[in-house]
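J.: Sequence plus the predicted model coming up.
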Amino acid sequence: MYESSSINTYLYEQYGGHVGEAPNSNRWVGIVLSSFASLLRGASGTFARPSASFAVPPILYGAEGCWKSRLIREELCVREITYKSVSVGYGSSKRAILDELSAGLGIPVLFLPQEEKIFRGVFEILSFLRS
C-alpha cells in the first residue's frame with residue numbers, strides 16, 4: 001500500500017461510510033494544477049551545481065516565512081552547502097544580533113565566520129553563492 005490510489009481507497013473503505021471505489025472526480029484537476037505549478041518553476045532546483053567548501057559552515061540569518069530567505073535556503077541546498085540557520089523573525093531574542101549584522105537592511109544576512117565576511121540582502125548573497 002505505497003501508491004496514493006490504494007491509500008485513498010483504503011481510507012475511503014474505512015471511513016467513507018460504504019465499501020467501494022473512491023471517487024476520482026477531481027483527479028485531473030489536481031494533476032493539471034500541480035503540473036502548472038511545476039512549469040512556473042522551470043528547471044530551478046533540478047540540477048545540482050558545484051558547491052564551495054567552507055571549513056566553518058556559514059550562518060544564515062532569516063525567517064521561515066520570508067520569501068527572500070527561502071530563495072537563499074534553496075540556493076544553499078541546490079549547491080549542497082551545509083549551513084547553520086538562525087531564525088530572527090519579529091519578536092525573536094536574536095533580533096539584536098541581526099540589527100548589528102544587517103546595518104539596518106533586515107533579512108536575509110549570510111555570515112561567514114571563518115573569513116568574517118557579511119553579505120546583506122538577497123541579491124548580494126545570491127551573487128556570492130553563484131560566483
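T.: In hand now; what should we look at?
J.: Work out for me the element Ser85 sits within.
T.: strand 84-87 (DSSP states H and E).
J.: How is the protein partitioned into domains?
T.: Domain assignment for the chain, taken from automatic domain parsing, gives 4-41, 59-130.
J.: Let me know which of these is tucked in deepest.
T.: domain 59-130 (a mean of 16; mean count of other Cβ atoms under 10 Å). To be clear about C-beta, it is placed using only N, CA and C from the backbone, and glycine gets the same treatment.
J.: Just to check, Thr126 is in contact with Ser69?
T.: Slight slip there: residue 126 is Leu, not Thr. No. Taking contacts as Cβ atoms under 8 Å, Leu126 lies outside contact range of Ser69: 11.9 Å.
J.: can you give me the helices for this structure?
T.: 4-15, 27-41, 67-78, 95-102, 122-130 (DSSP state H).
J.: Reformat the ones you listed into TSV and put distance to Ala55 and mean pLDDT next to each item.
T.: Shown next, in TSV, are the helices of the chain (distance: least, Cβ to Cβ, whole Å; pLDDT from 0 to 100):
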stretch	distance to Ala55	mean pLDDT
helix 4-15	44	79
helix 27-41	33	66
helix 67-78	16	89
helix 95-102	20	79
helix 122-130	17	90
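J.: To Ile59, which of those lies closest?
T.: helix 95-102 (9.1 Å; Cβ to Cβ).
J.: which residues are in contact with stretch 101-116?
T.: For stretch 101-116, the external contacting residues (Cβ atoms under 8 Å, 6 or more residues apart in numbering) are 54-56, 58-63, 66, 68-69, 72, 88, 98, 117-122, 125, 128.
J.: try 7 Å this time
T.: 54-56, 58-63, 66, 68-69, 72, 88, 98, 118-122, 125 (Cβ atoms under 7 Å, 6 or more residues apart in numbering).
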